[in-house]
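Asks: Model the following, please.
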Amino acid sequence: MAYGEFGDQLTLQNLARYESMFRQFQSEHPWLIYAAAFVAYVAVTGLSLPGAAAMTLLMGWLFGFVRAVILVSFASTAGASLAFLLSRYLLKDAVQHRFGDRLAAFNAALEREGAFYLFTLRLIPAVPFFVINVVMGLTPLRLSTFWWVSQLGMLPGTCIYVYAGSTVPSLQELANKGVGGILRPGVLVAFAVLGLFPLVVKRLMGRLRPPSNSTSP
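Replies: As a prediction, the model looks like this:
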């Protein structure tokens with residue numbers, strides 16, 4: 001019985017009504033919603049919890065393109081920096097003590113070209129971002145370098161995810177028009193770009209990769 005009553009509350013019309021109530025609260029207390037969204041995003045990324053991509057889409061849907069890009073760009077970078085610092089101060093000494101000899105060459109390479117490697121990893125989502133945050137915290141890379149390279153490198157992907165979220169219509173529109181109501185050209189283009197972005201960036205970064213410093217005997 002309880003399940004049936006709960007299920008009745010989850011109809012699209014009811015969800016649209018709840019959305020309308022939330023939007024009203026958002027218009028009356030915008031900075032409270034911005035602050036809550038910022039803190040939630042920093043917590044998810046800083047603690048390496050799943051859901052950052054879905055939250056980015058949600059931010060685009062809630063705040064629109066420009067405001068969501070600004071919020072997500074700073075929140076994601078702040079969260080990544082938090083994970084970076086947690087890794088550095090909780091794990092670095094133990095890892096360096098155990099694998100110091102093996103990491104010496106890796107650390108030296110990062111001191112020379114760390115910004116480029118980090119920028120490449122941020123652009124190409126082949127490696128999960130939380131892994132990048134933790135691993136970079138174990139290296140000599142400066143926090144200031146980590147911050148600006150991460151924010152710059154994540155910005156294109158942030159823009160695409162936010163734009164995709166911003167094209168999704170309100171629940172009321174979805175309730176009125178059905179699922180076919182969201183299949184507009186803008187939505188389809190946004191999610192097509194979202195899928196093609198990693199492939200395009202991977203090819204572009206392959207062309208920009210600096211030549212190896214191998215020396216002939």
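Asks: can we go C-alpha only for contacts and neighbour counts from here?
Replies: OK.
Asks: The strand or helix carrying residue 24: which residues count as buried?
Replies: In the assignment (DSSP states H and E), residue 24 maps to helix 12-28. In terms of neighbour count (16 or more other Cα atoms under 10 Å), helix 12-28 has its buried residues at 12, 13, 16, 18, 26.
Asks: Can you give me the distance of the third one to residue 32?
Replies: The spacing between residue 16 and residue 32, counted by Cα to Cα, to the nearest Å, is 22 Å.
Asks: Tell me which residues touch residue 81, please.
Replies: 46, 133, 143, 146, 147 (Cα atoms under 8 Å, 6 or more residues apart in numbering).
Asks: That should have said residue 33, apologies.
Replies: residue 26.
Asks: again, but for residue 170
Replies: Contact partners of residue 170, counting by Cα under 8 Å, 6+ apart, are residue 16.
Asks: Phi first, then psi, for it.
Replies: With angles defined as degrees, to the nearest 10, residue 170 sits at phi -70, psi 160.
Asks: Could you report the pLDDT at it?
Replies: Note on residue 170: pLDDT of 75.
Asks: now do the one 3 residues further on
Replies: At residue 173 the predicted local confidence, pLDDT, stands at 70.
Asks: hang on, the earlier thing: can I get the CA coordinates of the helix holding residue 24 in PDB?
Replies: Presented in PDB, the C-alpha positions along helix 12-28 are these (Å, rounded to 0.1, in the frame of the first residue of the first chain):
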ATOM      1  CA  LEU A  12       5.200  13.100 -14.300                       C
ATOM      2  CA  GLN A  13       2.500  15.600 -13.500                       C
ATOM      3  CA  ASN A  14       3.300  15.500  -9.800                       C
ATOM      4  CA  LEU A  15       7.000  15.800 -10.500                       C
ATOM      5  CA  ALA A  16       6.300  18.800 -12.700                       C
ATOM      6  CA  ARG A  17       4.400  20.300  -9.800                       C
ATOM      7  CA  TYR A  18       7.300  19.800  -7.400                       C
ATOM      8  CA  GLU A  19       9.600  21.300 -10.000                       C
ATOM      9  CA  SER A  20       7.400  24.400 -10.200                       C
ATOM     10  CA  MET A  21       7.500  24.700  -6.400                       C
ATOM     11  CA  PHE A  22      11.300  24.300  -6.400                       C
ATOM     12  CA  ARG A  23      11.700  26.900  -9.200                       C
ATOM     13  CA  GLN A  24       9.600  29.300  -7.200                       C
ATOM     14  CA  PHE A  25      11.800  28.800  -4.100                       C
ATOM     15  CA  GLN A  26      14.900  29.200  -6.300                       C
ATOM     16  CA  SER A  27      13.600  32.500  -7.600                       C
ATOM     17  CA  GLU A  28      13.000  33.700  -4.100                       C
END
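Asks: Give the next helix or strand downstream of it.
Replies: By DSSP H and E, the next helix or strand past helix 12-28 is helix 30-46.
Asks: Next SSE downstream of that following helix?
Replies: Downstream of helix 30-46, the first helix or strand assigned by DSSP H and E is helix 52-63.
Asks: Now the element after that next one, going C-ward?
Replies: helix 65-123.
Asks: which of the buried residues of helix 12-28 lies closest to residue 137?
Replies: Set against residue 137, the nearest of these by Cα to Cα is residue 26 (36.6 Å).
Asks: tell me the contacts of that closest one?
Replies: Residue 26 neighbours (Cα under 8 Å, 6+ apart): residue 33.
Asks: Would you confirm that residue 53 contacts residue 161?
Replies: Yes. If you go by Cα atoms under 8 Å, residue 53 and residue 161 touch, sitting 7.5 Å apart.
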